[in-house]
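Enquirer: I need the structure of the sequence given here:
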Amino acid sequence: MRIIKKILIVLLIALILIQFFRPEKNDAAYREVVDFETETKVSKEVAAILKAQCYDCHSNKSEYPWYAEVAPVSFWINHHIEEGNEHFNVSKWDTYNDKKKDHKLDELIEEIEEGKMPLHSYTWMHDAMTQKEKEVLIAWAKKARENYNLE
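Expert: Have a look, this model is predicted:
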């Protein structure tokens, strides 16, 4: 019993100490998505869906929930954001060539259709994307792809 108590005390101290180490936040201005929204002709409805369901992990602007301030959850959330931005970052849309833009929109469609996006771990604490929202995003992305489809 004594060893368990010591282990719990060490874990508590470690949990307290880790609170002093914070990952860097992803908190650029919302204007960083304007190029993407303008070029792909995002409607107000699509913009609302993207902001609610996508931009936290796929732009340089994330809205952090209160629990993102508590380690180790803060590191887990930061990892999700970094990984999301690695795959697709709308804040860097103007750096993509037309072929890459077409490919990213195609991936967006595929990920939504296959139910891979948004991640299930994201929807634990956020509203899940409705079927109607999925259909609206897919229709918009297919239309936006027409500008980049080089075939």
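Enquirer: Quick one: the helices in this protein, in order.
Expert: Using DSSP state H, the helices of the chain run over 2-18, 34-39, 44-53, 55-58, 73-87, 98-113, 120-123, 131-145.
Enquirer: Quick one: closest of those to Tyr64.
Expert: With CB to CB as the criterion, Tyr64 lies closest to helix 73-87 of the helices of the chain, at 7.3 Å. Glycine gets a C-beta too; all of them are placed from N, C-alpha and C.
Enquirer: So which bits of the closest one are buried?
Expert: Ser74, Ile77, Asn78, Ile81, Gly84, Asn85 (16 or more other CB atoms under 10 Å).
Enquirer: do the same with stretch 54-70
Expert: Using 16+ other CB under 10 Å as the test for burial, stretch 54-70 gives Cys54, Tyr55, Asp56, Cys57, His58, Ser59, Asn60, Lys61, Ser62, Ala68.
Enquirer: Reformat the residues you listed as CSV; add distance to Leu119 and pLDDT.
Expert: Below are those laid out as CSV (distance: CB to CB, whole Å; pLDDT from 0 to 100):
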residue, distance to Leu119, pLDDT
Cys54, 11, 91
Tyr55, 14, 91
Asp56, 11, 89
Cys57, 8, 89
His58, 11, 93
Ser59, 16, 92
Asn60, 19, 90
Lys61, 18, 83
Ser62, 14, 86
Ala68, 15, 82
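Enquirer: Out of the helices of the chain, which is the most enclosed?
Expert: Across the helices of the chain, averaging neighbours per residue (mean count of other CB atoms under 10 Å) puts helix 55-58 on top, at a mean of 23.
Enquirer: Look up how far Lys99 lies from Leu50.
Expert: The gap separating Leu50 from Lys99 is 22 Å, by CB to CB, to the nearest Å.
Enquirer: since we're on Val33, how many residues are nearby?
Expert: By other CB atoms under 10 Å, the residues close to Val33 number 24.
Enquirer: so it sits right up against His58, yeah?
Expert: No - contact criterion CB atoms under 8 Å: Val33 and His58 do not qualify, at 9.3 Å.
Enquirer: Identify the contacts common to these two.
Expert: Common contacts of Val33 and His58, defined by CB atoms under 8 Å, 6 or more residues apart in numbering, comprise Val90.
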